[in-house]
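In: How does the following fold in three dimensions:
(one chain, ligands or ions: 2)
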Amino acid sequence: MLGRVNHIAIAVPDLAQATATYRDLLNARVSQPQALPEHGVTVVFVELENTKVELLEPLGEGSPLAAFLEKNPSGGMHHICYEVADILAARDQLQLAGMRILGDGTPKTGAHGKPVLFLHPKDMAGTLVELEEV
Ligand SMILES: CC[C@@H](C(=O)O)C(=O)SCCNC(=O)CCNC(=O)[C@H](O)C(C)(C)COP(=O)(O)OP(=O)(O)OC[C@H]1O[C@@H](n2cnc3c(N)ncnc32)[C@H](O)[C@@H]1OP(=O)(O)O
Ligand SMILES: [Co+2]
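Out: Ligands and ions are numbered 1, 2, ... in the order given. The predicted model follows:
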């Protein structure tokens, strides 16, 4: 079912500062910030040779990052995103196996304009997993 690692996401309390660290200290190529109110985050992508790092800052009330950053005020690894060829087939197979799909189970459009879904961290070895159809 799984393809490549699309991105590894890090939740940060200060997106400008985290972006500056990757850009100015590590000489990484970074995207412009992208506000995604439907996801409750603002995102910057750090482009690497083999994958991307997604820097995430909370946006608006009820951001899914809020509780995480309360527990981890300096930030921390938030999720890993795997590519799948058919997100609905993946969802149905995982649901049949008893995994919890977060939200109402309908894929949302992610930061790359592709459908995404999230799997509950307690069903995935304590790691929040995002699936992105490519
Ligand atoms: C930019 C768009 C898109 C993309 O295209 O890339 C994105 O990446 S959007 C990213 C942000 N969106 C999401 O994270 C959506 C899915 N997340 C959620 O629905 C929630 O964050 C959550 C995973 C259900 C957690 O909800 P929350 O209210 O924060 O906490 P809970 O109390 O319900 O947590 C239950 C349990 O899980 C532990 N937990 C929470 N977050 C994580 C995490 N990121 N990694 C590992 N474990 C996590 C939490 O600590 C609780 O455990 P216990 O304390 O042991 O009960
Ligand atoms: Co993501």
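In: hang on, Cys81 packs against Ile8?
Out: Yes - between Cys81 and Ile8 a contact is recorded at 7.5 Å, counting by CB atoms under 8 Å. Every residue, glycine included, has its C-beta placed from N, CA and C.
In: The two: who's more crowded?
Out: Legend: neighbour count by other CB atoms under 10 Å for Cys81 and Ile8, higher for Cys81 (23 against 16).
In: Does the residue nearest to that one when sequence neighbours are not counted lie in a helix or a strand, and which?
Out: Once flanking residues are discounted, Cys81 sits nearest to Glu130: 3.9 Å by CB to CB, 6 or more residues apart in numbering. Using DSSP states H and E, Glu130 maps to strand 128-133.
In: Tell me which other helices or strands that strand touches.
Out: Packing partners of strand 128-133 (3 or more CB pairs under 8 Å, 6 or more residues apart in numbering; DSSP states H and E): strand 5-11, strand 76-84, helix 87-96, strand 115-119.
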